[in-house]
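[1] Sequence plus the predicted model coming up.
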Number of protein chains: 2
Amino acid sequence: MHEFTYYTPTKVVFGRGSEAKTGALLKEYGAGKVLLHYGGGSAERSGLLGRIREQLAAERIPFVELGGVMPNPRLSLVREGITLCEGEGVDFILAVGGGSVIDSAKAIGYGVTGGGDVWDFYDFKRKAETCLPIGAVLTIAAAGSEMSNFCVITNDDTWEKRGTKSDAGRPRFAVMDPELTMTLPPYQTACGCADILMHTMERYFNHGENMELTDGIAEALMRTVIRNAGILVKEPENYEARAEIMWAGSLSHNGLTGCGTDGGDWATHKLEHELGAMFDVAHGAGLTAVWGSWARLVYGERLDRFAKFATNVMNVPWQGNERETAVCGIYAAEAFFRSIGMPVTLAELGIAPTEEQIDALAEKCMKSAQGMPGIVKKLSREDIAGIYRAAM
Amino acid sequence: MHEFTYYTPTKVVFGRGSEAKTGALLKEYGAGKVLLHYGGGSAERSGLLGRIREQLAAERIPFVELGGVMPNPRLSLVREGITLCEGEGVDFILAVGGGSVIDSAKAIGYGVTGGGDVWDFYDFKRKAETCLPIGAVLTIAAAGSEMSNFCVITNDDTWEKRGTKSDAGRPRFAVMDPELTMTLPPYQTACGCADILMHTMERYFNHGENMELTDGIAEALMRTVIRNAGILVKEPENYEARAEIMWAGSLSHNGLTGCGTDGGDWATHKLEHELGAMFDVAHGAGLTAVWGSWARLVYGERLDRFAKFATNVMNVPWQGNERETAVCGIYAAEAFFRSIGMPVTLAELGIAPTEEQIDALAEKCMKSAQGMPGIVKKLSREDIAGIYRAAM
């Protein structure tokens, strides 16, 4: 077991009607002036934003608003948010939405408290050590940003998508009401489930040694996501399934499923990030589109873990040896992705990068990983291009 | 799934050599003047306290000391600690030890910040809303107090053992170095494993409905404890097993394995607390001595969960029906307790309460539970006395 630090200070308030506790939580956490940050029209149309505004008014907490966060949240809006917060003396950000909105809030928080150019934190120039306090009202189970220290922003000048990591950005509280996710379109629900699953898969496929409890928790989480994602295909308004997925989303990315590992692989995420930046594809779908091609390239490096994944997570019967069992596990995972409507090739994802684009993607991957991405197998530029090609 | 709040702000620093980070953590958390709080002689003899004192000196953090915490930590020492902290202007408590030392530190912290009589917080008169900040250097994997909001104190005037719960008492940081637990005597190691297992068993046996992820995590944790407790019987210096048990100890009691349940049963804990107060038995051993008798009284109320425990945790083959499977699971758990040297009767625990004492124990149980303890089955005074008798 590797040494680790585990730090998840976010207070989670989970369940039916928890949304109504947002105002009281802001008060509890001493919010003086709030930036109400959100995405497109759905939170407005559903009445959620209206109810949040009423709670802010009832608690007499002054606030300003900034909507318009898009999937793959943009640096330009982050800059706008920083200027707004500085001008208005905002001391707390309330993010109402999914991972994109929460990530955008984190970036604004880093920028306001850190000064200088906020892109520095994503361009490896500085580390974010401080952040405005953030609260989240989660409307999409997917990114796990509501409890995580991760934040991914897309620079809409250079079309680079970059992640940064700082405990300062972990939200103070997260309101998780599974009912808010009931009306998500099936594709978005499935993308979220894929993202949740991948956050633990990335950690699970590693080069560490013994970590029995972490493996057991990770496997339980993956089985839960697989079973309940299947339920949601047929019953999108199944509260229990929504609740299982929502809680799995937070635990999948708050650090728990990586304790004692070597940190995990994360190459699939790097490959997707560049796809997301170049083609603006949905994150979860981009991940499933390349994962199988990644897995088939690297599984020989950790046959034991791929075989364990096959039997303990994908329920694959033992095939007589690790290699066969491992391969069956990869195909079983792809079959699961397809069963919830997720792509397992770039064609199914709706994109067909040219050879030139593949070269550019591979180069950007190397740059964003600051070296060869991956842990199970360190990937060369040729490996990366090969995965994109194999996924065509 | 029931609604829940999940809040675990403790920063865990885990692994070989993490002990050496204690001074830096105290600095990071702004400790001005520290109470160094500990138990008997083992932390002194092992040199641990000496190394901690050196770190405090190196960081130029002034400190005073209070040792002598005993298992089933005593109110009289808590009162002494409060007086000392008030007189010396202590603003941070560093607990070096196991659950007893950390619980004693929490009680002192409640007393210093809450004023009045500290026993009020245990006697249902007031709720502890504030606490001095606490850091823990854990030397025994057992109680989970290093991440929990629980605190159990024994009043050595009235010999009542009472628990209280407050998020204010959750330690700010916990240093967890599995090497510090290597030299624990086998009996203490086994008591710790039993306690860890019971913290999740108490939550697992409940009257809630669906909570798939929580169940999966709980089952993984219980399997991990059972397997590694067995290893430690033969190989007390197995680092990996010590590490699995130590991490399981924290996750077992920080709230994670209860998310979405109705809170769990906890009757076994109530029964043990009174035994502990009257006979000063080791907590883990007291739990295993009564658990089977409790389980045989109540399992019919939740055959499904007892059967699931049998198959998913105790690895009992399906016996054709829930009832038989459930019963086999209870005996399998008792067989496991015996295999690590834990008692499954009061005689094995080394006590033989008289009928009068059983009456007194049952009455104290009802008083401390403020009504009928238990969730799987609410226990009457007669039920409680019956469990003690069945466990003779």
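    Perfect, thanks for sending it.

[2] Look up phi and psi at the closest residue in space to residue A:16 that isn't next to it in sequence.
    Leaving aside its sequence neighbours, residue A:16 sits nearest to residue A:179 (CB to CB, 6 or more residues apart in numbering or on different chains; 5.9 Å). C-beta here means a position set from N, CA and C on the backbone, and glycine is covered the same way. Per-residue torsions, residue A:179: phi -60, psi -30 (degrees, to the nearest 10).

[3] list the contacts for residue A:179?
    Contact analysis of residue A:179 by CB atoms under 8 Å, 6 or more residues apart in numbering or on different chains lists A:16-17, A:19, A:239, A:242.

[4] Between those residues, identify the one with the most neighbours.
    Counting neighbours by other CB atoms under 10 Å in any protein chain shown, residue A:242 leads the contacts of residue A:179 with 25 neighbours.

[5] if I look at that residue, how far off is chain B?
    Residue A:242 is 10 Å from chain B, where distance means CB to the nearest CB, to the nearest Å.

[6] you'd agree that residue is up against residue A:183?
    No: if you go by CB atoms under 8 Å, residue A:242 and residue A:183 don't touch, sitting 10.4 Å apart.

[7] Can you check which residues contact both of these two?
    Residues touching both residue A:242 and residue A:183 (CB under 8 Å, 6+ apart): there are none.

[8] can you count the residues close to residue A:234?
    9.

[9] what's it in contact with, if anything?
    If you count contacts by CB under 8 Å, 6+ apart, residue A:234 has none.

[10] any idea how far it is from chain B?
    For residue A:234 relative to chain B (CB to the nearest CB), the value is 17 Å.

[11] do the same with residue A:63
    24 Å.

[12] and if you look at residue A:292?
    25 Å.

[13] swap in residue A:4?
    5 Å.

[14] Tell me if I'm right that that residue and residue B:11 touch.
    No: the pair residue A:4 and residue B:11 fails to qualify as a contact (CB under 8 Å) at a distance of 11.2 Å.

[15] just to revisit the earlier point, if we take the contacts of residue A:179, which one ends up nearest to chain B?
    Proximity of the contacts of residue A:179 to chain B (CB to the nearest CB) peaks at residue A:16, which lies at 6.3 Å.

[16] what sits against that closest one?
    Counting by CB under 8 Å, 6+ apart, residue A:16 makes contact with A:177-179, A:239, B:3.

[17] Including pLDDT, secondary structure and distance to residue A:258, could the residues you listed go into TSV?
    Shown next, in TSV, are the contacts of residue A:16 (pLDDT from 0 to 100; DSSP: H, G, I helix; E, B strand; the rest coil; distance: CB to CB, whole Å):
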residue	pLDDT	secondary structure	distance to residue A:258
A:177	98	coil	27
A:178	98	helix	25
A:179	97	helix	30
A:239	97	helix	29
B:3	96	coil	27
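
[18] Adding distance to residue B:48 as columns, could you present those residues in a markdown table?
    Formatted as a markdown table, the contacts of residue A:16 follow (distance: CB to CB, whole Å):
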| residue | distance to residue B:48 |
| --- | --- |
| A:177 | 46 |
| A:178 | 46 |
| A:179 | 50 |
| A:239 | 50 |
| B:3 | 42 |
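
[19] Nearest residue to the residue nearest the centre of chain A in space, please, no chain neighbours.
    Nearest to the geometric centre of chain A sits residue A:143, at 2.6 Å (CA atoms, centre = their mean). With CB to CB, 6+ apart as the criterion, residue A:143 has its nearest non-adjacent residue at 2.3 Å, and that residue is residue A:99.

[20] neighbours around the one you found, how many?
    28.

[21] same thing with residue A:210?
    Neighbour count of residue A:210, defined by other CB under 10 Å: 15.

[22] Name the next helix or strand following the helix or strand encompassing residue A:251 along the chain.
    In the assignment (DSSP states H and E), residue A:251 maps to helix A:239-253. Using DSSP H and E, the helix or strand that directly follows helix A:239-253 along the chain is helix A:267-279.

[23] how far out from the middle of the chain is that following helix?
    Mean-position distance between helix A:267-279 and its chain equals 13 Å (CA atoms, centre = their mean, to the nearest Å).

[24] ok, residues contacting that helix?
    Contacts with helix A:267-279, where a contact means CB under 8 Å, 6+ apart, come from A:72, A:152, A:154, A:159-163, A:198, A:201-202, A:281, A:283, A:286-287, A:289-291, A:294, A:298, A:346, A:349, A:351, A:353, A:357, A:360-361, A:364-365, A:368-369, A:373-376, A:379, A:384, A:387-388.
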